[in-house]
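In: Starting from these lines, generate the structure:
(2 chains, ligands or ions: 2)
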Amino acid sequence: MTAYIIRRLLTVIPITLGVLLLVFFIYRVIGGDPAARLAGKNATPQKIEQIRKQYGFDKPKFFNWQEAAKTGSPAAAFDSQFWHLVGQFAQLDFGKSLQSNQRISRMLADGVVPSLCVTTPIFLVELSVAIALALICAFYRGTRIDRTFVVVSIVAMSISGLVYIMMGQYFFAFRLRWFPVWGFESPAFLLLPVAIGVIAGIGGSLRFYRTIMLDEMYQDYVRTAFAKGCSQREVLFKHVLKNAAIPILTNVVVAIPFLYTGSLMLESFFGIPGLGRMTVDAIYTGDEPVLFAMVFIGSVIFVIANLVTDLLYTWADPRIRLQ
Amino acid sequence: MENTNQTLLDVRDLRISFFTDEGEVRAVDGISFSMKPGETLAVVGESGSGKSVTAMALTRLVPSPPARYLGGEIIFKGRDTLKLSPEELRRVRGAQISYIFQEPSTSLNPVFQIRSQIAEAIELHRRDVKDVDAEAERLLTLVGIRDARLRMGDYPHQLSGGMQQRVMIAMALACNPSLLVADEPTTALDVTIQAQIMELLKELKQKLGMAIMLITHNFSIVADIADNIAVMFRGKIVEYGPTQRVLHEPQHPYTKALLECIPRLGAHKHRLKTINHAEIEAALGR
Ligand SMILES: Nc1ncnc2c1ncn2[C@@H]1O[C@H](COP(=O)(O)OP(=O)(O)O)[C@@H](O)[C@H]1O
Ligand SMILES: [Mg+2]
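Out: Residues are numbered from 1 along each chain as shown, chains lettered A, B, ... in the order given. Ligands and ions are numbered 1, 2, ... in the order given. Next up is the predicted model:
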């Protein structure tokens, strides 16, 4: 088991390397020279050249063959933009923002708390409400109650998140003054964005979990449970829920990396200084180091989350053995 | 309650339909039959003829919707199960009428140990049992599982098909039912295992004396276990009588056709007959 876990954790290396290569390719190869962008509109060529030197953009992108040939040492070939980035990230040094010159590790630490304050409650409330409603749908399968839930969730799903945000801010925050409109100062500021996040997401989740539960309801073991004399409640909560745990787990753990990246839309509209907003800003301003760091951490969390899913599988499903 | 001695189950003019987008499917179309305590009734018919729906309906296990119970009575021990409350029905299911099914591998819950699945059957209806584990072990031994105590910790996927069906039988017998409904109990099993399971059912019937409703599409397994045979075709019972009479003097063309489908040793030179539905429809006068 330990060997398995170590083996799985080692996959973090090729995966993050691949992901870094991809974003590096997009920004530095396709996107062009960041030095010109950084230097501003009316920069002199000397100024651009100086920035290029300062950030190392003058080095070759992937391999420094020239240097390797000159010094005769193969290691010198790695004196390039990409491998410097890799070396830096391997030591968890994310460098500084091109825009604010702040240390990125500092920015991440500052932003992760507001992000989690929004995404975690949304995630937990949505998950528990969706599973509870899905069980109700399974209980009343084929009846009007079940169909009503389906229709309502399709309607809720089809409305754009923006509509919820603007209606919520206008009616409940601005007109009725139940909530603050904008900002991040006390827990009260979280209520409206969390409520909107839940409402915007619940339709899709409910439909997903309902499908899982109903799929289970038509399995043979459910027929056996009823034939033994189990009540609906016993069938649902004991037999169905434990079997449904397997697909539910997958869905839940896959969502965990997105808790960290934050909600782009809610953070921008509600002025929450989280990682979602930071990422959007970095995309607009071409702040590459910030994006590289976000992508890097995102893929590490992704690998860990997947490992956790697989470990939980063995607990949920006795048929699965890891090797 | 005097009549319970003569009649365990009396089904009268039972009618069950499914209403689908294509219209009404008359799964059970006015059937009547009865069973005495300890009797074995074989219900034979091709797939789709309504055997399972009939069997499940005995304790209203066919979910409604989509099914509709349109009429008839199912008098079990003097009471109409179609009129029982859900609570009362649950006290019949698994306690007085229990079931085993065609696919033992999917009929057992994959994520629970054998122990807890049998324990559940005991605990649902027999609150007085103190040592549930010991009782589960006794039941597993009864159905011919060796090292029962060890096997109890297994999950269903760790057992062979025959063993899984034995576990299903042990579970069904947990409360000493008066009627065991076996819905194609051997269809999914290898031929040698089929014979073993049929042998076990015969043995248990002698030991415990419960009535058995044996559902099958295969005439060849019923001859030496059934007292009576009901032949079903398109939701109706087209022939019903004592086993020997039905096997040797079949009246209905559908029964004759089914009997001709049984492969016999030494008869391998003839091609197996297939059932000519048009002929049977004509005989039914439709
Ligand atoms: N859930 C269902 N929905 C619609 N039709 C059904 C359903 N279950 C059974 N039927 C129909 O009822 C008829 C009898 O089915 P069944 O009793 O399972 O046949 P079998 O004799 O093979 O056990 C078939 O025509 C089948 O299509
Ligand atoms: Mg069937």
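
In: The residue lying closest to B:Asn109 once chain neighbours are set aside - how many residues pack around it?
Out: The spatially closest residue to B:Asn109, leaving aside those adjacent along the chain, is A:Tyr221, at 4.1 Å (Cβ to Cβ, 6 or more residues apart in numbering or on different chains). All C-beta spots, glycine's among them, are computed from the backbone N, C-alpha and C. By the criterion of other Cβ atoms under 10 Å in any protein chain shown, A:Tyr221 has 24 neighbours.

In: Could you tell me which residues make contact with A:Tyr221?
Out: Residues in contact with A:Tyr221 (Cβ atoms under 8 Å, 6 or more residues apart in numbering or on different chains) are A:His239, A:Asn243, B:Thr106, B:Ser107, B:Leu108, B:Asn109, B:Pro110.

In: SS state for B:Ile215?
Out: With DSSP: H, G, I helix; E, B strand; the rest coil as the basis, B:Ile215 sits in strand.

In: That one touches B:Thr187, doesn't it?
Out: No. Using Cβ atoms under 8 Å as the test, B:Ile215 is too far from B:Thr187 to be in contact (9.4 Å).

In: Between the two, point out the one with more neighbours.
Out: It is B:Ile215, of B:Ile215 and B:Thr187, that has more neighbours when counted by other Cβ under 10 Å, with 25 against 16.

In: Pull up the gap between B:Val111 and A:Ala244, please.
Out: 10 Å (Cβ to Cβ, to the nearest Å).

In: For the residue nearest to B:Ser160 when sequence neighbours are not counted, give its distance to B:Gly45.
Out: Using Cβ to Cβ, 6+ apart and skipping residues adjacent in sequence, the residue nearest B:Ser160 is B:Ile193, 7.8 Å away. Computed as Cβ to Cβ, the B:Ile193 to B:Gly45 distance reads 23 Å.

In: tell me the SS of A:Phe62?
Out: coil.

In: What residues does it make contact with?
Out: A:Ser80, A:Gln81, A:Phe82, A:Trp83.

In: and the first one, what does it touch?
Out: A:Ser80 makes contact with A:Lys59, A:Pro60, A:Lys61, A:Phe62, A:Phe63, A:Asn64 under the criterion Cβ under 8 Å, 6+ apart.

In: Quick check on those residues: which are buried?
Out: With neighbours counted by 16 or more other Cβ atoms under 10 Å in any protein chain shown, the contacts of A:Ser80 contain buried members at A:Lys59, A:Phe62, A:Asn64.

In: Let me know the closest of those to ligand 1.
Out: Closest approach to ligand 1 among the buried ones among the contacts of A:Ser80 (Cβ to the nearest ligand atom): A:Phe62, at 61.2 Å.

In: rewinding a little: return the member of the contacts of A:Tyr221 nearest to ligand 1.
Out: Distances from ligand 1 to those, taken by Cβ to the nearest ligand atom, are shortest for B:Ser107, at 14.6 Å.

In: my guess is the closest one contacts A:Asp220, does it?
Out: Yes. Here B:Ser107 reaches A:Asp220: they are 4.6 Å apart, a contact under Cβ under 8 Å.

In: These two: who's more crowded?
Out: Ranked by neighbour count (other Cβ under 10 Å), B:Ser107 and A:Asp220 place B:Ser107 first, with 26 against 16.

In: That one: what's it in contact with?
Out: B:Ser107 sits next to A:Asp220, A:Tyr221, A:Arg223, A:Thr224, B:Ile100, B:Phe101, B:Gln164, B:Met168 when contact means Cβ under 8 Å, 6+ apart.

In: hmm, 6 Å instead?
Out: A:Asp220, A:Thr224, B:Phe101 (Cβ atoms under 6 Å, 6 or more residues apart in numbering or on different chains).

In: Identify the residue spatially nearest to the first one, adjacent ones excluded.
Out: Nearest-residue entry for A:Asp220: B:Thr106, 4.0 Å, with adjacent residues in sequence omitted and distances by Cβ to Cβ, 6+ apart.

In: tell me the SS of that neighbour?
Out: Under three-state DSSP, B:Thr106 comes out as helix.

In: Make sure it is actually in contact with A:Arg223.
Out: No. Applying Cβ atoms under 6 Å, one finds B:Thr106 not in contact with A:Arg223, separated by 9.4 Å.

In: out of those two, which sits in the busier spot?
Out: A:Arg223 (21 against 17).

In: which element is that one on?
Out: helix A:220-228 (DSSP states H and E).

In: now B:Ile193
Out: Assigned by DSSP H and E, B:Ile193 falls in helix B:191-208.

In: Any chance you could note which residues of chain B sit beside chain A?
Out: Contacts of chain B with chain A, taken as Cβ under 6 Å from any Cβ of the partner chain, map to B:61, B:65, B:90, B:93-94, B:99, B:103, B:106-107, B:109, B:111, B:121, B:124, B:155, B:157.

In: what's the domain layout of chain A?
Out: By the assignment in automatic domain parsing, chain A contains the domains A:37-93, A:104-316.
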